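A.B. asks: please work out how this folds:
(one chain, ligands or ions: 2)
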Amino acid sequence: MKQRVKKRWEDHTITGIGRREARAAFYEDTSEKISLNGQWKFLYLEAPELSPEGFMNAGTDGWDEIDVPSVWQLRGYDAMHYTDVLYLFPIHPPYVPSQNPTGIYKKNVVLTKEWLANDTVLRFHGVDSAFDVWVNGEYVGYSKVSRLPSEFDITDYVSEGDNDITVRVYKWSDGTYLEDQDMWWLSGIYRDVELINEPKNAIMDCCVNGDLDASYRNGILSMELRTKKEECTGTWQLEKEGVRIAEGVFETKECHAHVKAFVENVQTWTAETPELYTVIVRVDGHEARVRTGFRKIEIKGRNFRVNNKVILLNGINHHDYNPKEGRVVSYEQMKSDVILMKKHNINAVRCSHYPANEYFYDLCDEYGLYVIDEADLECHGFEWVENYEWITDDPEWEASYVDRSVRMVKRDRNHPCIIMWSMGNESSFGCNFRSAAKAIRELDQTRLVHYEGDSEAEVTDVYSTMYTRLKGLQEIAEYKVKGEKPHVMCEYGHSMGNGPGGLKAYQDMYRRHSRLQGGFIWEWYDHGIYTEEEGHTYYKYGGNFEDFPTNGNFCIDGMLMPDRTPSPALLEYKQVISPIEVQKVEGKNNELILTNWYDFLSLSHLYIKWWISGNEETVEEGLINELSAAPGEEQRVIIPYTAFMPQANVDYYLNVSVCYKEATAFAEKGYEISRTQFALPEHMVVLERRPAGDKLTAEEAEGILLIRNGKICVTFHTVFGKMISVEIDGKAYLTDGPQMTVYRPTIDNDMYKKDDWMNKYFIQKSSEQLEWFSYELSDEKAVVTMQKYFGCLNQSWGYVATYEYTVYPCGQVKVHLDAKTVQNGKLEPAFLPRLGVVLRADKSLQNTMWHGRGAGENYEDTLTACPIGVYRSTVDDMGTNYVFPQENGHREAVRWFSVGDGKNSMLCTMEAPYGINLSNYTDEMIEKAQHPWQLEKSGDVTIHIDYRQSGVGSNSCGEEQLEEYKVKRQDFVMTFTLLAVQAGEEINAACKKYHDD
Ligand code: GAL
Ligand code: MG
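C.D. replies: Ligands and ions are numbered 1, 2, ... in the order given. The predicted model follows:
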């Protein structure tokens with residue numbers, strides 16, 4: 001009988017051939033290394049079987065060159081493809097497509113005689129997805145698991161002089177079934193490759209753990225050592241900042257030695273106090289250095305604790321990512337990631353969904369971040385065929401599952417930053433996870449086991465969920481569901497496009513309930529691919545490479561834009577999770593309550609800078625240095641401000657900024673970690689008479705009504721019922737009058753509402769019908785009134801909108817809209833994106849100022865990092881340049897704003913705080929564009945004044961806008977006044993109030 005050809009890369013029972021046992025990455029060691037990064041000869045094939053005869057021996061004439069590390073899809077081979085869940089081939093494990101893109105890499109290395117006195121080890125830090133290795137034509141071995149290192153002892157294959165290393169990499173392998181993470185499909189040698197000159201009696205492994213005794217003050221250092229020689233003697237030392245703390249000798253038997261030492265009064269490691277020690281081990285001429293920290297992670301009572309404290313994780317999910325290089329990342333990039341995280345008050349990272357590049361853990365040890373290290377394992381595509389347990393619960397696959405966890409633990413277990421081992425992501429649950437959990441515990445009992453897919457927390461130490469809605473979370477918090485294990489939210493706050501909103505509600509809940517030990521935002525990066533094309537620079541997402549099927553811009557879901565600019569969401573998160581919360585004592589204006597949310601630090605390393613602001617003026621300011629609250633405690637402070645005389649019609653605020661007293665490893669002295677603001681009652685209303693002006697006249701002809709004098713000319717359309725222009729001192733300011741709107745360009749977080757909103761309720765297709773129009777002219781003013789019916793295409797719900805325009809001879813126009821809602825049928829959207837008006841201004845008016853929330857974009861559920869103040873910008877700079885264009889640039893609580901050309905400005909003062917958007921793009925344009933470069937500027941500035949705009953929520957994956965942030969169909973009234981002022985006079989003019997207001 002004929003049989004299917006057996007292929008190595010389709011055999012899930014093999015976890016490797018000739019690969020060495022996994023071991024810890026030393027922080028440093030004395031063995032010489034040759035980096036094999038750089039140019040390699042490269043031959044790209046459509047299948048491994050198409051390899052040229054004897055390629056492992058033959059020359060490379062006609063081959064290409066490729067740089068290592070890299071992914072070949074970003075070097076012009078194969079094709080880019082993004083899917084969230086789908087495998088790109090039939091689900092037929094362990095088999096993969098016969099068309100299996102393959103890369104043969106070849107490199108020559110010259111080795112000296114001295115080098116050959118020692119052993120030679122070839123180490124790959126990461127190859128996607130499986131590969132074979134030949135040295136000088138001889139077969140060395142095979143390995144897989146894309147995000148873990150593989151080492152081969154090639155001593156017997158190398159010789160003095162030229163040595164040829166050949167690596168054949170397969171895009172698809174049985175391993176691919178376990179690597180279905182939500183990300184770009186990328187292949188190749190994408191992490192470092194090196195040759196190690198390993199002494200004949202090398203330290204092979206050094207597994208160090210720094211534990212604490214029952215007092216949580218004294219350290220217990222334990223070390224498992226493995227040497228190449230069966231029996232040998234060595235020494236060890238423990239140092240801190242170069243000072244020797246302890247030392248000893250050890251002897252190995254059957255290659256193993258165990259060391260245990262008691263270290264009095266250690267400085268404990270936490271993310272807040274990343275105190276590191278160095279262990280130096282010497283055997284003959286080989287010296288290895290491993291960094292460690294003393295800390296204890298345990299479940300005690302119903303919580304997990306670090307050093308006996310119940311901690312709260314304020315985390316983020318992190319992928320290895322670079323917009324030009326895919327999953328190739330450098331130490332420098334990772335360092336700036338870690339610094340950026342620390343600067344944004346983040347204290348935890350989940351390595352979603354595979355072990356990160358080794359550097360990352362060194363940085364987390366050093367700067368202080370708790371890490372959930374996650375095995376390279378996800379088989380999400382099986383969920384969609386409703387046989388989610390297919391391989392997860394098939395014992396034949398056990399070795400593959402266990403291998404992924406075991407090799408991760410063996411590589412990373414020296415890192416004090418790691419507090420949990422995660423067995424993978426989104427792969428359902430079954431026997432293979434039971435085995436993996438057991439294997440992890442056999443290797444390491446000093447950390448917790450995590451896996452969200454173990455939804456009953458059968459074998460995990462923590463109960464983990466993702467995107468749990470607040471209601472469900474409350475039940476978890478109250479121990480109403482799933483036993484008693486502590487809970488973490490391994491993913492929430494889906495940062496796709498504009499959003500997430502509502503993070504504060506989650507943080508408050510975590511802080512209120514001890515079972516909830518925090519969560520991890522999804523995710524750090526937008527995975528856009530840097531593209532320069534026809535003069536445009538932009539970022540591609542799924543579908544832009546003709547990749548089908550794809551999840552499109554679902555990979556653009558990070559708090560960092562692809563160019564690493566923090567999005568408004570990251571600033572919001574920073575404030576929400578700030579370790580100090582500043583509140584006012586009820587009924588007092590100068591007394592604050594500070595809550596210390598640190599787990600270990602007191603507030604003594606922080607100071608408060610406070611100031612009272614009124615518009616752009618600082619009325620009083622001061623510093624408070626005596627902060628002392630212990631972790632979890634509160635402290636009251638008095639802001640010693642003295643009574644002051646408010647200026648006419650100015651609002652005053654107390655601003656409280658909390659800063660570091662000293663420079664830290666990641667931030668400069670004085671760096672602000674939180675900013676809170678409180679409105680003060682000091683206010684003085686001063687009314688004045690509106691300036692006089694020449695008498696206004698009215699002329700009406702052919703549907704046009706002109707109200708004017710020598711100063712102002714306002715044009716109305718008497719048939720369409722609209723103000724169509726405002727000219728002051730001969731300059732056109734407004735080019736189209738206010739008209740109601742309930743629509744905003746769809747944001748990703750409204751993707752599940754979009755169809756209803758736009759194809760059923762047609763909220764983008766609204767119009768106003770004139771019911772009646774009248775005007776009245778007197779010496780003091782002209783009042784133009786029109787009643788209109790506002791509604792959307794084929795809808796029974798709408799508004800009776802009465803607009804009243806008062807034109808004053810001094811050159812001002814007051815707009816008053818009274819909108820009463822009607823419903824003559826039954827259907828209507830559950831809520832609306834916005835309720836407000838849209839106007840257009842002359843395109844020369846590009847300079848902007850506003851008194852409201854800023855400086856960045858903010859919405860009702862994303863405004864904690866945006867205090868009220870006077871801000872200056874430009875129309876373009878007020879926008880947020882999302883990779884996938886959508887509603888952006890909104891500002892809440894605006895009392896007035898202006899748009900100007902540098903000489904003159906149109907000022908708009910509001911009777912109540914409203915929301916605004918100022919943009920050079922129309923809503924239709926933003927809705928239509930797929931990339932920023934497709935946005936074409938319109939002929940005028942689009943101005944939205946929103947009575948209210950709905951929050952943004954996190955519903956692309958997670959909680960909707962909370963009820964209080966949904967704008968419901970409701971009656972509303974808006975009043976605002978337009979006037980022209982000289983540039984520089986905006987603030988003064990905005991502070992004037994008139995008797996008839
Ligand atoms: C989760 C998954 C992540 C990502 C996210 C959506 O279900 O674990 O990998 O796909 O959803 O962006
Ligand atoms: Mg997934």
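
A.B. asks: quick one, what contacts whichever residue of the stretch 751-900 of the chain sits closest to ligand 1?
C.D. replies: Per C-beta to the nearest ligand atom, Met751 is where the stretch 751-900 of the chain lies closest to ligand 1, at 12.0 Å. C-beta here means a position set from N, CA and C on the backbone, and glycine is covered the same way. Applying C-beta atoms under 8 Å, 6 or more residues apart in numbering to Met751 gives the contacts 955-956.

A.B. asks: mind listing the residues bridging to the closest residue to Gly737 other than its chain neighbours?
C.D. replies: Leaving aside its chain neighbours, Gly737 sits nearest to Met723 (3.0 Å; criterion: C-beta to C-beta, 6 or more residues apart in numbering). Following DSSP bridges, Met723 is listed with bridge partners Phe716.

A.B. asks: Met723: neighbour count?
C.D. replies: 25 (other C-beta atoms under 10 Å).

A.B. asks: that one reaches Val714, doesn't it?
C.D. replies: Yes. Contact criterion C-beta atoms under 8 Å: Met723 and Val714 qualify, at 6.4 Å.

A.B. asks: now for these two: what residues contact both?
C.D. replies: Contacts common to Met723 and Val714, judged by C-beta under 8 Å, 6+ apart, are 784, 805, 813.

A.B. asks: list phi and psi for the last one.
C.D. replies: So that's Val813. Backbone torsions of Val813, given as degrees, to the nearest 10, read phi -130, psi 120.

A.B. asks: give me the neighbour count for the residue lying closest to Ala855 once chain neighbours are set aside.
C.D. replies: Nearest residue to Ala855, sequence neighbours excluded (C-beta to C-beta, 6+ apart): Tyr871, at 5.1 Å. When neighbours are counted by other C-beta under 10 Å, Tyr871 registers 21.

A.B. asks: tell me the contacts of the closest residue to ligand 2 within the stretch 851-997 of the chain?
C.D. replies: Proximity of the stretch 851-997 of the chain to ligand 2 (C-beta to the ion) peaks at Cys957, 10.5 Å away. By C-beta under 8 Å, 6+ apart, the contact set of Cys957 is 467, 491, 494, 496, 522, 557.

A.B. asks: distance check, it against ligand 1.
C.D. replies: Going from Cys957 to ligand 1 by C-beta to the nearest ligand atom, to the nearest Å gives 5 Å.

A.B. asks: for that residue, phi and psi?
C.D. replies: phi -160, psi 90.

A.B. asks: so what's it scoring on pLDDT?
C.D. replies: If you check Cys957, the pLDDT there is 97.

A.B. asks: just the one 3 residues further on next, same as before
C.D. replies: Per-residue pLDDT puts Glu960 at 96.

A.B. asks: ok, now how distant is it from Arg948?
C.D. replies: In this view, Glu960 and Arg948 are 16 Å apart by C-beta to C-beta, to the nearest Å.

A.B. asks: list the residues that contact Asp779.
C.D. replies: Asp779 makes contacts with Lys695, as judged by C-beta under 8 Å, 6+ apart.

A.B. asks: repeat for Asn498
C.D. replies: Residues near Asn498 by C-beta under 8 Å, 6+ apart: 747-749, 857, 859, 880, 882, 886-888, 952.

A.B. asks: I'd like those residues as TSV, with pLDDT and distance to Asp373 appended.
C.D. replies: TSV is the format used below for those (pLDDT from 0 to 100; distance: C-beta to C-beta, whole Å):
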residue	pLDDT	distance to Asp373
Ile747	98	33
Asp748	98	29
Asn749	98	30
Glu857	98	34
Tyr859	98	35
Thr880	98	33
Tyr882	98	31
Gln886	98	34
Glu887	98	37
Asn888	98	35
Val952	98	32
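
A.B. asks: and these near ligand 2, which?
C.D. replies: The subset of those within reach of ligand 2, counting by C-beta under 5 Å from the ion, is empty.

A.B. asks: Trp933: neighbour count?
C.D. replies: As a burial measure, Trp933 scores 15 neighbours (other C-beta under 10 Å).

A.B. asks: tell me, how many residues neighbour the closest residue to it other than its chain neighbours?
C.D. replies: Spatial nearest neighbour of Trp933, chain neighbours left out: His536 (4.0 Å); criterion: C-beta to C-beta, 6+ apart. Using other C-beta under 10 Å, His536 has 11 neighbouring residues.

A.B. asks: surely His536 touches Leu935?
C.D. replies: No. Look at His536 against Leu935 with C-beta under 8 Å: they stay out of range, at 11.0 Å.

A.B. asks: before we move on, back to that, so the residue of the stretch 751-900 of the chain closest to ligand 1: helix, strand or coil?
C.D. replies: When classified by DSSP: H, G, I helix; E, B strand; the rest coil, Met751 comes out as helix.

A.B. asks: ditto for the one 3 residues further on
C.D. replies: Remark: Lys754 carries the secondary structure label helix [criterion: three-state DSSP].

A.B. asks: let me know the pLDDT of it.
C.D. replies: For Lys754, the predicted pLDDT is 97.

A.B. asks: returning to that earlier point: confirm for me that the residue nearest to Ala855 is in contact with Glu857.
C.D. replies: No. Under the criterion of C-beta under 8 Å, Tyr871 makes no contact with Glu857, lying 11.5 Å away.

A.B. asks: which residues do those two both contact?
C.D. replies: By C-beta under 8 Å, 6+ apart, Tyr871 and Glu857 have these common neighbours: Arg891.

A.B. asks: what's the closest non-adjacent residue to the residue in the stretch 501-650 of the chain positioned nearest to ligand 1?
C.D. replies: Distances between the stretch 501-650 of the chain and ligand 1 by C-beta to the nearest ligand atom are smallest at Asp557, namely 4.9 Å. Leaving aside its chain neighbours, Asp557 sits nearest to Met496 (3.8 Å; criterion: C-beta to C-beta, 6+ apart).

A.B. asks: what number of residues lie near Asn649?
C.D. replies: The burial count for Asn649: 17, using other C-beta under 10 Å.

A.B. asks: against Leu195, how distant is it?
C.D. replies: Counting by C-beta to C-beta - Asn649 and Leu195 are separated by 74 Å.

A.B. asks: run a quick neighbour tally on Tyr255.
C.D. replies: Heads up, residue 255 is Cys, not Tyr. 15.

A.B. asks: hmm, it is touching Glu224, no?
C.D. replies: No. Using C-beta under 8 Å, Cys255 makes no contact with Glu224, being 11.0 Å away.
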